[in-house]
Every structure is written in C-alpha cells, then in structure tokens.
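> Pasted the sequence and its predicted model underneath.
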Amino acid sequence: MLKIVRFLIVAVVIVVAIPALDRNYGSYSETYECTGKMLKATAGQQNPATPFVRVTKYRWWRSTAGIDGALRFEIPVGGANRAKNELFAIKEVGSYLVLFPWPKAGENVDFAGDSPKGQFSTISDTLALNTGDGEQFQGSCKKKNG
C-alpha cells in the first residue's frame, strides 16, 4: 500500500512540476529599445521611429515545431508612425535571429518555403524588419534594464 501511495505522489509531482518548470523556465526574454527609420517602399518615405522589441528565446527542451523563439515588435501610439504590434517566429542561424511570420492557429512555420521578414543581429543588436504593411524598419537596439 505504501508503495502505491509513493508512486502516486511521484506521478502527481511529475505531472504538475514538469509543466510548471517549462512554463516558468522554458524561455527567457530580453527587451530592447530601438532607434532607426521606417522606410516606405512605395513612396521612398523615411520616418524616424523608436520601436520596442521583446526577444523571447526558447530553451533547448521546448518542442515548438522548430521555432527557436518569438520576437514582438511594437511601436507605441504617437509620433510620425502609426502604432504597430506584430509577432514573428525566430529561427536562430549563427549570430542572427532570422524572422518569419508567426504561424496561424494549426499551422507550422515553413522555414524552407516562407520568405524571411527580417533579421536581428545578436552581435551588433541591429534590426532590419519588413512589417506587414509594406514598411521596413532599419535601426539599432539597446537592451532595456528591467
């Protein structure tokens, strides 16, 4: 009887602890404030921009359809640019985080077939990113404290 109780306790701990560990420690994030320009391809227009970027990298044990992480790109309300909030899937290639459109529900990112939307350099902390509305951000980023 005591063996069964021990087995049940261990089973419950495993069933509860593993998802809790993964949820709390399965990824880590860094937030950046970027300065650069939003380039409009059709009009040749350039507007200064100060977006914020949160880079979330998944730990090696996470099984997320080959995605190495996520990059959230946000331009707050105000200024010459309209507000943006977009999510991109990360595929880590050397010192670059290559950015792809975030998959829709039930889909996987096709790293071989989809065109990358941009890249973030982990060496120089620079970002080049095509946003969903025909604009491209080009600039450098600095890690924010906290």
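Nice, I can see it.
> Show me the shaky parts of the chain.
Applying pLDDT under 70 to the chain flags the ranges 13, 15-26, 43, 62-65, 78-81, 106, 146.
> One more pass at 80, please.
1-2, 5, 7-27, 41-45, 59-66, 77-83, 104-114, 132-133, 145-146 (pLDDT under 80).
> Could you point out the longest strand of it?
Longest strand of the chain, by residue count under DSSP state E: strand 27-40.
> Which elements pack onto it?
strand 45-49, strand 52-58, strand 126-130, strand 135-143 (3 or more Cβ pairs under 8 Å, 6 or more residues apart in numbering; DSSP states H and E). From N, CA and C alone the C-beta is placed, and that goes for glycine too.
> Of these, flag the one that's most buried.
Greatest average neighbour count among those goes to strand 126-130 (a mean of 20), per mean count of other Cβ atoms under 10 Å.
> partners of that strand, with directions?
Neighbouring strands of strand 126-130 in its sheet, by DSSP bridges, are strand 118-121 (antiparallel), strand 135-143 (antiparallel).
> re the thing from before, may I see the helices and strands packed on strand 27-40 organised as CSV, with distance to Leu97 added?
Output for these, formatted as CSV (distance: least, Cβ to Cβ, whole Å):
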stretch, distance to Leu97
strand 45-49, 19
strand 52-58, 7
strand 126-130, 9
strand 135-143, 12
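> Much appreciated, bye for now.
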